[in-house]
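Engineer: here you go, sequence then predicted model.
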Amino acid sequence: LNCPLPSSAGFVVGHAGLYQALAMFAVAYFIIGMTVLSVCAIATNGALDAGGAYYMISRALGPEFGGSIGIMFFLANVCGSALYVLGLVEAVVDSFGILPGQEGGKGVHVLPQSYWYELLYGTVLLALCLLVCLVGASIYAKATFLIFLIVAVVLGTILVSFFATGPLKVAIQLPNGNGTETDMGFFTGFSLNTLRDNLGGRYEVDYTTGQMMSFSSVFAVMFNGCTGIMAGSNMSGDLKRPSYSIPRGTISAVLFTYLVYNLLAFLMCATCNRILLQKDYGFLSDISIFPPLVTVGIYAATLSAAMSNLIGASRILYALARDDLFGRALALAKKTSASGNPVMAVILSWMMVQVVLFSGKLNTIASVVTIFFLLVYATVNLACLALEWASAPNFRPTFRYFTWHTCLLGIAGCCVMMFLISPVSASASLGFLLLLLLALHYLSPSSTWGYISQALIFHQVRKYLLMLDVRKDHVKFWRPQILLMVQNPRGSARLIDFVNDLKKSGLYVLGHVELQDLDMLPSDPLQPQQDSWLNLVDKLNVKAFVSLTLAPSVRHGVRQLLFTSGLGGMRPNTLVLGFYDDEAPQDGLAQHPAFTSAREDVPLGFPPLRAPTAPKLLSAREYVGIVADALKMLRNVLLARQLESLDKAWELRRAASPPPTIHVWPVNLLRPDSARYADTCSLFLLQMACVLNMARAWRRARLRLFLCVEAGTMPHAQEEKLRQLLKDLRIQAQIQLVPWDAITHLHWQTCQRPPGGPVEEEEEEEGVVNFPTNTTQVSDEYVCAANKLVLEQSPAPAVRFLYLPRPPADTSLYPLYLHQLELLTRGLGPTVLVHGVSAVTSTQL
């Protein structure tokens, strides 16, 4: 830790008084103490490398937080090094400087005193720090240990001097315009009157800057003398056993300096009058039994702090460069000497400190440095808090004297003090941090460090999934939770995008069945494919999960996914399949907008599409069996045909009027003898069309609902009834009457139902599903006429929603059922066949 500066204690006591000084020390060391506990916890949870706090934060919170805080911590150490150099210059000038118009006086005054001269002195002292840091960490460690011994001797001498020195009158020469003025300070020895006079605060103008002091400005200067808690962690890459040395060294240093500061504050208040404390920051040499030793001690302590911050800044910069978070911008800082010392990082840090030296005065930059350090400390506490709250099994620090309460208190203390010191600087620092976060989020490469955000999200998602009780489901809050089966994404890119618009913030799972037998394989073949599918989801910008499975057949695989996909109350309630036909698959992935700008990413690890002459992976009977399985499992079913021909961008953004339409046919066209508009399936079809229309990309589209009417059936009454239903369901749609007498007449002429046989109705009882053999009741001629009726409705829509009948109970009729669906949807363009088995609409509030 930076050695305590006795002169800074005098500055604090002189302006703030004993009570406020002790309060400042208590607040500062409370913040520091909470942060030290977090540092020790993180430092003992695994191997540490170079970078100290940056390394801890980046490996805990990820590259965005780590990189942005790393830059802030680097700047804090740079400004801190400049601050200590300026403090050392101030001490040197106080001892050896020549004030304008000064004549005589005690001591040796040989150094000219002005802004440029002080800048020159600071440059020389900084060059000395640079030389030590360039040699390496070993010489720095030896130098700081020697300085520690010197400061310890000086502190002992000062403590003795308070008791051994008698009352003194000290002449203080202060600059006054172009000349000087003399004031008198008194060392009274231990005096109760002096102590009483120094108990309260009395803020005056700082004679070095001419600025009026306040609690926040004094605290800012004082806090910089306590910021060395990161000195040891900054050297984590140079320590043999950082997880052992950092906790012991840091805690010992914090306790030692806290006791020293409080003891010095009490002794100064009891022996020195206010003028001496406020007007002469180097008064300790005047009262010491051996004045030169005090001067040497102050110089040594300040020089040690400057070197500590300089070498800490270089190690942080080196760690940032090595992690490549900023690309080529920090490439130069990676270069090291033969012994591993990051010499270029040291030189770049030295150049930055040299720039800060132009500020000229110590107290000018003190508040900025303090806010930067407080921000870093708050983030260290945040990193430890996140690790603790994530409850990850691998977070097992050997240092256990912390809880999430200490982390939270540390964060709160840092944030409060930041805004008490300077609201403007604190806001500007947070704004700068936010800009760095955003820049790194979008520009930095992905890392393999692990993201604490993922652990926290997992923790919260698990908790809320347990709270999501399926027994409390209500139709008012129903939403589609979709499982889309994809054989090869190359031929399904637009379908994947379309279904993403249908999910309405519900669960969306991309399912895929790999036809292999795990018993015959050396390892799971799905693991290497997982990344390809996740990359596809990212590229297409869809909010979907991926679920892959191995099965002997596609039908068995879909059953597995319907049974196992999802978790808790988030399980698919709707199955979406591409249509089964003989059309040759088209590679829509290469033409998708997400890939046209990056052709090299098109392969994504997916195989080429099936050749038109190659056999299909499943038969027509198996395909219809999948639909039947889903309905038995009470899953809604959607069959999507020719969705790859849907150019959503063109359909929805064309400027021509009228806007694009969505055609909805909520009647079973294959069962004209049982046409109803208010059954479960029809209402589900209406709901899905409405959900699509509610998606942001489809809001310009208009719903058009087709009401099939026959002569003599009071069409206007039917229309009014349907309009009232739409009003109750809050669905905005245009109703269009479609006469279909010719179609129904054709049906009765060609009906294949056995004469006198009863018309089968679909029954949906709880736990029982009866499948009518509806494919025996209509002819191909009728189906083609129904297809023509749908096709003639103009203008052509962007997409059509049609009623999907149930598959027949007789599995031998599956191919005929599929054939009639193909006839019904032939040439219609993008079409979705829909069958719903669950109530999804509500008229209740």
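Structural biologist: Received the coordinates, thanks. For clarity, every value in this text was computed on a predicted model and none was experimentally measured. Residues are numbered from 1 along each chain as shown.

Engineer: flag every buried residue along the longest helix seen in the chain.
Structural biologist: For the chain, the longest helix by residue count, based on DSSP state H, is helix 6-43. If you call a residue buried by 16 or more other CB atoms under 10 Å, then helix 6-43 has these buried ones: 6-18, 20-22, 24-25, 27-29, 31-43. For every residue, glycine as well, the C-beta is placed using N, CA and C.

Engineer: same check on stretch 125-133?
Structural biologist: For stretch 125-133, the buried set under the neighbour-count rule, 16+ other CB under 10 Å, comprises 125-126, 129-130, 132-133.

Engineer: out of these, who's nearest Y258?
Structural biologist: For the buried residues of stretch 125-133, the residue nearest Y258 by CB to CB is C129; the value is 26.5 Å.

Engineer: quick one: that closest one and A313 touch, right?
Structural biologist: No. Look at C129 against A313 with CB atoms under 8 Å: they stay out of range, at 11.0 Å.

Engineer: joint contacts of the two?
Structural biologist: S81 (CB atoms under 8 Å, 6 or more residues apart in numbering).

Engineer: pLDDT value on the spatially closest residue to P291 that is not a sequence neighbour, please?
Structural biologist: Nearest residue to P291, sequence neighbours excluded (CB to CB, 6 or more residues apart in numbering): S285, at 4.3 Å. S285 is assigned a predicted lDDT (pLDDT) of 81.

Engineer: so who does S285 touch?
Structural biologist: Per CB under 8 Å, 6+ apart, neighbours of S285: 95, 291-292, 294-295, 298.

Engineer: mind giving me the ChimeraX select for these, buried ones only?
Structural biologist: Selection of the buried residues among those in ChimeraX, burial being defined by 16+ other CB under 10 Å:
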select :95,291,294,295,298
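
Engineer: pLDDT and distance to K788 added to the contacts of S285, as CSV?
Structural biologist: Below are those laid out as CSV (pLDDT from 0 to 100; distance: CB to CB, whole Å):
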residue, pLDDT, distance to K788
S95, 75, 105
P291, 83, 110
P292, 84, 110
V294, 83, 105
T295, 83, 105
I298, 81, 99
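
Engineer: for F162, the count of nearby residues, please.
Structural biologist: By other CB atoms under 10 Å, 22 other residues sit near F162.

Engineer: the closest residue to it other than its chain neighbours is in what secondary structure piece?
Structural biologist: Nearest non-adjacent residue to F162, counting by CB to CB, 6+ apart: L267, 4.7 Å away. Take DSSP states H and E as the rule and L267 turns out to sit in helix 242-271.

Engineer: may I see the buried residues of that helix?
Structural biologist: Buried-residue list, helix 242-271, by 16+ other CB under 10 Å: 242-243, 245-247, 249-251, 253-254, 257-258, 260-262, 264-271.

Engineer: next structured bit after the helix or strand bottoming out on mean pLDDT in the chain?
Structural biologist: When each helix and strand of the chain is scored by mean pLDDT, DSSP states H and E, strand 768-770 comes last, with a mean of 38. Counting by DSSP H and E, the next helix or strand C-terminal to strand 768-770 is helix 780-792.

Engineer: from the contact counts, what lies against that following helix?
Structural biologist: helix 741-750, helix 814-825 (3 or more CB pairs under 8 Å, 6 or more residues apart in numbering; DSSP states H and E).

Engineer: mind listing what's buried in that helix?
Structural biologist: Buried, per 16+ other CB under 10 Å, within helix 780-792: 782-783, 785-787, 789-790.

Engineer: now for the strand or helix carrying V461, which elements pack on it?
Structural biologist: Element membership of V461 [criterion: DSSP H and E] is helix 452-467. Secondary-structure packing of helix 452-467 (3+ CB pairs under 8 Å, 6+ apart): helix 53-61, helix 362-390.

Engineer: the inter-axis angle of the last one versus helix 452-467?
Structural biologist: Using axes from the mean of the first three to the mean of the last three CA atoms, to 10 degrees, the inter-axis angle of helix 362-390 relative to helix 452-467 is 40 degrees.

Engineer: and helix 362-390, how far out from the chain's middle?
Structural biologist: Centroid separation between helix 362-390 and its chain, computed with CA atoms, centre = their mean, to the nearest Å, is 18 Å.

Engineer: before we move on, what about the first one?
Structural biologist: Centre-to-centre, helix 53-61 and its host chain are 14 Å apart (CA atoms, centre = their mean).

Engineer: quick check: buried residues in the following helix or strand past that helix?
Structural biologist: Downstream of helix 53-61, the next assigned helix or strand under DSSP H and E is helix 63-96. The neighbour-count check on helix 63-96 (16+ other CB under 10 Å) flags 63-95 as buried.

Engineer: do stretch 145-164 as well
Structural biologist: Buried residues in stretch 145-164, defined by neighbour count with 16+ other CB under 10 Å: 147-148, 150-151, 154-155, 157-158, 161-162.

Engineer: again with stretch 317-329
Structural biologist: For stretch 317-329, by 16+ other CB under 10 Å, it's 317-323, 325-326.
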